[in-house]
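Peer 1: Build me a model:
(one chain, ligands or ions: 2)
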Amino acid sequence: MIMAALSSAHSCPTYSSLPSSSSSSSSPSSLTSLQRIAVSSPTTKRFLPAKLSLQSQSVSHRNVLRMQDGAVATTVTPVENDTPLNKLKEGILSVTSTEETKEAAGIDDDSGNESTVSITVVGASGDLAKKKIFPALFALYYEDFLPKHFTVYGYARSKMTDAELRNMVSKTLTCRIDKRENCGEKMDQFLKRCFYHSGQYDSQQNFEELDKKLKEHEAGRVSNRLFYLSIPPNIFVDAVRCASLSASSGNGWTRVIVEKPFGRDSDSSAALTKALKQYLEEDQIFRIDHYLGKELVENLSVLRFSNLIFEPLWSRQYIRNVQLIFSEDFGTEGRGGYFDNYGIIRDIMQNHLLQILALFAMETPVSLDAEDIRNEKVKVLRSMRPLQLENVVVGQYKSHTKGGVTYPAYTDDKTVPKDSLTPTFAAAALFIDNARWDGVPFLMKAGKALHKKRAEIRVQFRHVPGNLYNRNFGTDLDRATNELVIRVQPDEAIYLKINNKVPGLGMRLDRSNLNLHYAARYSKEIPDAYERLLLDAIEGERRLFIRSDELNAAWALFTPLLKDLEEKKIIPEYYPYGSRGPVGAHYLAARYNVRWGDVGVEQ
Ligand SMILES: NC(=O)C1=CN([C@@H]2O[C@H](COP(=O)(O)OP(=O)(O)OC[C@H]3O[C@@H](n4cnc5c(N)ncnc54)[C@H](OP(=O)(O)O)[C@@H]3O)[C@@H](O)[C@H]2O)C=CC1
Ligand SMILES: O=C1O[C@H](COP(=O)(O)O)[C@@H](O)[C@H](O)[C@H]1O
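Peer 2: Numbers count the residues shown, from 1 in each chain. Ligands and ions are numbered 1, 2, ... in the order given. Model (predicted):
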């Protein structure tokens with residue numbers, strides 16, 4: 001059975017007539033093109049240009065816009081492909097009416113009907129739910145991004161009362177640095193909207209009980225339901241089956257956020273997709289890769305496509321190599337059981353780093369619509385060469401004592417087999433065989449228990465041909481090339497290394513940074529990736545979620561390598577906990593004439 005999918009789509013709104021109470025005579029047609037772009041965005045409130053502010057606080061699809069000059073315009077998001085009307089045409093919905101269609105699209109009508117959103121965190125007792133999901137929901141509530149009628153339900157096997165869940169959640173909530181004043185009050189209000197239901201993940205009966213409780217909260221309104229699967233992957237399908245059969249919405253949309261890992265290789269991923277699609281349409285499945293929700297990853301396209309100075313340089317003609325670097329200064333502490341079955345390549349490279357690579361390297365999409373962007377990403381992935389063993393170095397951390405403290409080896413984790421060969425570090429050289437990137441090495445490096453926590457993109461440019469200042473650089477011209485660094489985390493920044501004259505009477509050059517340091521430039525705290533992604537899922541915006549063909553293309557690149565590593569029982573290079581990782585990573589880079597940009601520099 002397929003869940004009733006009444007996802008609302010949001011591009012190209014039409015303008016409704018101005019409220020008669022408006023004192024302004026300005027009409028929406030007087031909006032500038034910039035304003036029109038903002039207005040037509042699916043998440044209008046978030047993408048408004050400075051001149052507009054939203055009067056409406058709800059995530060309803062009718063938004064009242066107030067311009068600086070006092071003019072007011074109402075926008076209504078139109079109903080598109082996956083709307084009730086179209087679902088009816090496809091035979092997925094049996095009963096609907098014009099009124100229901102309006103309601104299901106979240107459009108309030110004159111009789112005062114409003115839609116509700118129920119967010120069920122499946123696996124609410126777990127690490128991710130506590131660390132990320134509840135805090136992100138609270139942050140959205142705090143910022144007034146959640147709709148007027150919303151309920152959060154925790155679902156897991158652990159026995160808990162509503163009060164116990166609230167107590168657990170309250171310990172994880174934090175307030176924005178710049179808005180502490182009424183935080184306690186807001187927390188209380190938020191917690192009052194949180195409830196708990198204990199049940200098994202494979203019990204339709206338990207999900208039916210949940211359904212009853214959700215209905216009570218929905219109080220006859222149009223019900224939109226979001227399930228967040230924050231559970232181990234072996235129970236994804238059971239939970240989806242039960243949610244679908246017993247707790248999907250009868251008259252609104254039902255969406256499911258699926259956490260990674262989406263399989264272990266091409267076959268298991270295809271099997272998972274097939275199993276999920278027994279119960280869900282593709283557009284109901286929101287495969288989350290939280291790196292896509294990170295501020296600087298989202299900014300990649302803005303940087304490239306809205307600045308004339310970057311896009312013309314974005315090719316093999318000017319770029320020598322691209323480096324995608326992820327490192328953590330802690331090991332698998334507490335997650336060894338999960339990690340040992342996956343390893344760093346599946347945990348970080350096949351998803352987070354590859355997604356960044358695809359966004360970095362894609363051609364200009366036709367528009368900012370989800371499908372246009374995802375089409376371009378798939379093209380890049382399909383143009384890439386599957387990874388081969390000779391282009392990869394793997395490592396595993398070993399115990400190390402520093403300053404009297406002994407840090408554990410990976411295999412000291414009780415949930416990890418003593419003879420495990422699972423890589424906790426990997427470096428790889430990837431290639432995109434298309435006209436833009438032919439021959440440019442894309443180097444990836446990811447590791448746990450390294451000396452620093454960081455995620456960054458480094459773009460090393462070619463040297464200046466016939467450079468007048470060559471003699472100032474000595475024989476190593478590569479040392480003097482420009483480098484663009486996009487520091488995703490921590491301490492977000494974008495900086496460009498340039499050669500500069502050291503002030504003085506001589507002619508000495510040094511390398512300096514043109515630095516956009518976020519903490520200095522923007523006073524507002526950067527939202528967590530999960531906030532953006534949860535809000536997108538609620539709003540039906542799929543741009544930052546992984547489509548099934550993207551996933552297939554990603555696995556096709558890594559599956560042969562993963563099989564080889566496992567079948568040939570490749571022994572990882574051991575590196576001390578807290579070090580910079582295996583030396584092999586440098587040999588790999590050197591083979592392609594590359595020096596890792598993060599080595600020997602503080603920035
Ligand atoms: N934690 C993290 O930082 C990240 C996690 N993820 C992914 O998110 C999902 C959730 O992660 P996380 O919260 O760490 O997971 P947990 O191991 O904490 O599991 C979540 C909940 O699922 C239930 N559960 C755990 N193991 C089993 C089992 N074998 N059978 C049935 N139920 C079980 C438990 O709840 P109860 O016993 O109460 O039912 C547990 O509280 C996973 O898919 C993970 O890969 C992705 C990125 C980061
Ligand atoms: O998906 C995962 O990501 C985290 C790192 O996320 P970050 O946002 O803290 O950088 C990683 O620790 C974990 O192993 C992996 O599953």
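Peer 1: list the contacts for the residue in the stretch 451-600 of the chain positioned nearest to ligand 1?
Peer 2: At 9.9 Å from ligand 1, residue 530 is the closest residue in the stretch 451-600 of the chain, using CB to the nearest ligand atom. C-betas here are computed from N, CA, C, even on glycine. With contact set as CB atoms under 8 Å, 6 or more residues apart in numbering, residue 530 has these partners: 132-133, 135-136, 290, 293.
Peer 1: and the chain, which residues reach ligand 1?
Peer 2: Residues of the chain that fall close to ligand 1, judged by CB under 6 Å from any ligand atom: 123, 125-129, 156-158, 201, 230-233, 235, 259-261, 338.
Peer 1: let's go with 5 Å and repeat that
Peer 2: The chain has residues 123, 125-128, 156-158, 230-232, 259 near ligand 1, with proximity defined as CB under 5 Å from any ligand atom.
Peer 1: Take those and lay them out in CSV including distance to ligand 2 and secondary structure.
Peer 2: Output for those, formatted as CSV (distance: CB to the nearest ligand atom, whole Å; DSSP: H, G, I helix; E, B strand; the rest coil):
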residue, distance to ligand 2, secondary structure
123, 15, coil
125, 18, coil
126, 13, coil
127, 10, helix
128, 9, helix
156, 20, strand
157, 22, coil
158, 22, coil
230, 12, coil
231, 14, coil
232, 12, coil
259, 9, coil
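Peer 1: Redo those residues as CSV? Include neighbour count and pLDDT.
Peer 2: Formatted as CSV, the residues of the chain next to ligand 1 follow (neighbours: other CB atoms under 10 Å; pLDDT from 0 to 100):
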residue, neighbour count, pLDDT
123, 23, 98
125, 21, 97
126, 18, 94
127, 12, 92
128, 17, 94
156, 22, 98
157, 14, 98
158, 14, 97
230, 27, 97
231, 24, 96
232, 15, 93
259, 22, 93
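Peer 1: Which pair in those has the greatest spatial separation?
Peer 2: Based on CB to CB, the longest span within the residues of the chain next to ligand 1 runs between 158 and 259 and measures 18.2 Å.
Peer 1: gap between the residue in the stretch 1-150 of the chain positioned nearest to ligand 2 and residue 224?
Peer 2: Here the stretch 1-150 of the chain gets closest to ligand 2 at one residue, residue 132, 8.5 Å apart by CB to the nearest ligand atom. Distance check for residue 132 against residue 224: by CB to CB, to the nearest Å, it reads 22 Å.
Peer 1: give me the element residue 549 is part of.
Peer 2: helix 548-567 (DSSP states H and E).
Peer 1: what packs against that helix?
Peer 2: If you count contacts as 3 or more CB pairs under 8 Å, 6 or more residues apart in numbering; DSSP states H and E, helix 548-567 packs onto helix 266-276, strand 285-288, helix 354-361, helix 370-382, strand 392-398.
Peer 1: helix/strand/coil for residue 479?
Peer 2: helix (DSSP: H, G, I helix; E, B strand; the rest coil).
Peer 1: Regarding residue 152, what are the backbone dihedral angles?
Peer 2: For residue 152, the backbone dihedrals are phi -110, psi 130 (criterion: degrees, to the nearest 10).
Peer 1: swap in residue 530?
Peer 2: phi -70, psi -30.
Peer 1: with the residues of the chain next to ligand 1 in mind, which one is nearest to residue 333?
Peer 2: Of the residues of the chain next to ligand 1, the one sitting nearest to residue 333 (CB to CB) turns out to be residue 127, at 11.0 Å.
Peer 1: Would you mind naming what in this structure lies close to ligand 2?
Peer 2: Counting by CB under 5 Å from any ligand atom, the chain sits next to ligand 2 at residue 347.
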